[in-house]
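Student: Take a look and give me a structure for this.
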Amino acid sequence: MKAFKYLSPTTVEEAIALHGQHSETAKYIAGGTDVIVKLKEGWMEPDYLISLKKIEEMSELHKNDATGELSIGALVTHATLEKSLMIQNEYPIIYDAVSNIGSLQVRNVGTIGGNLINAVPSADGAIPLIALDGVALLHGPEGERSIEVKDLFVQPYKTVLKPREILKKVTIPPQTSHTGSAYIKFGRRAAMELPLIGIGVLLTVNDDLVTCAKARICLGVAAPTPMRAFDAESLLVGKKIDEKILIEAGKIAADESKVRDSVRGKAWHRKEMIRVMVRRMGLKCLQIIRNNS
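Tutor: Just a heads-up that it's a prediction; the model follows:
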């Protein structure tokens, strides 16, 4: 592994300035679960690593009681989200996803921001944030800008971030009543496994507890980037949710996907999992809504 200098700024502005001083020879690092592997295997050879760990505002997990908005700093670890009772109770789709990322050791240091910025199709952390209509706040030399998490990804390992930009946090708008959400990761084994497919479903229903007011069906490893199944979502909105219509939504979502054969799984199998799991997660959402009502 090539030798490098390690820099520890305490503000976002200082980190951006340091990156500007060292240009292409510098890389940002957060938890390091991806960057360190790339360094060891020679996939990147920076002269400077700019650690973001001492930027306190990026480690904040906070819900505004007045507005209902949730703020997740990019440096919040998967373990922090997993252990948060607020996340477990109010955002079960986030808990479902982060509690299945890697090993306990990886979750203790790996960050939600790093999971997004790495931009792999199998990023578990991206699916719940897309389903929850998350908005990413980016900070670069030209100041701050916001972008919906669903629009953050360009292709595998590439996001819309400009040179020197930092993902500061993700904000989640307030959740309306009668909302349930769930995520499932399907792999060949239960632990420390990249998903063959990942499915997240969010449903909001009217006061009758059956008529769909809002639907999100989000898929990982179903396309080059995490995606929403818009046609399947449209089918559900305004309809009474039952197992029959969820089966139809699963079929449409499978057809919308862009799954492919790989060394880890066949396209037909991934499509079948989408069909089955959209139904199961939809029913789980309904159960959560009824339990909370």
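
Student: Tell me which stretches of the stretch 151-293 of the chain form strands.
Tutor: 153-155, 158-159, 166-172, 179-186, 197-205, 212-220, 227-228 (DSSP state E, counting those that start in this stretch).

Student: between the fourth one and strand 197-205, how big is the angle?
Tutor: So the one you mean is strand 179-186. Comparing the axes of strand 179-186 and strand 197-205 via axes from the mean of the first three to the mean of the last three CA atoms, to 10 degrees yields an angle of 170 degrees.

Student: for the stretch 151-293 of the chain, which spans come out with low pLDDT?
Tutor: 188-194 (pLDDT under 70).

Student: How many residues are close by the residue lying closest to residue 77 once chain neighbours are set aside?
Tutor: Computed as CB to CB, 6 or more residues apart in numbering, the closest residue to residue 77 that is not its neighbour in sequence is residue 111, at 5.6 Å. C-beta: built from backbone N, CA, C; applies to glycine. Residue 111: 29 surrounding residues under other CB atoms under 10 Å.

Student: For residue 111, give me phi and psi.
Tutor: Per-residue torsions, residue 111: phi -110, psi 150 (degrees, to the nearest 10).

Student: That one against residue 76, yeah?
Tutor: Yes - using CB atoms under 8 Å, residue 111 makes contact with residue 76 at a distance of 6.4 Å.

Student: circling back to that earlier point, adding distance to residue 125, write the strands of the stretch 151-293 of the chain out as TSV.
Tutor: Output for these, formatted as TSV (distance: least, CB to CB, whole Å):
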stretch	distance to residue 125
strand 153-155	12
strand 158-159	13
strand 166-172	9
strand 179-186	10
strand 197-205	10
strand 212-220	10
strand 227-228	15
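
Student: Quick check: which of these is buried the most?
Tutor: strand 197-205 (a mean of 28; mean count of other CB atoms under 10 Å).

Student: what's that strand packed up against?
Tutor: helix 92-98, helix 126-131, strand 179-186, strand 212-220, helix 267-292 (3 or more CB pairs under 8 Å, 6 or more residues apart in numbering; DSSP states H and E).

Student: Strand partners (parallel or antiparallel) of it?
Tutor: Paired strands of strand 197-205, with direction, are strand 179-186 (antiparallel), strand 212-220 (antiparallel) (DSSP bridges).

Student: closest to residue 257 out of those?
Tutor: For residue 257, the closest of the strands paired with strand 197-205 is strand 212-220, at 5.8 Å, according to CB to CB.

Student: Return the distance of the closest one from the chain's centre.
Tutor: Relative to its chain's centre, strand 212-220 lies at 14 Å (CA atoms, centre = their mean, to the nearest Å).

Student: With stretch 95-106 instead?
Tutor: 12 Å.

Student: any idea of the mean pLDDT for that stretch?
Tutor: The average of the pLDDT scores along stretch 95-106 is 89.

Student: If we go by neighbour counts, what in it is buried?
Tutor: For stretch 95-106, the neighbour count (16 or more other CB atoms under 10 Å) marks 95-102 as buried.
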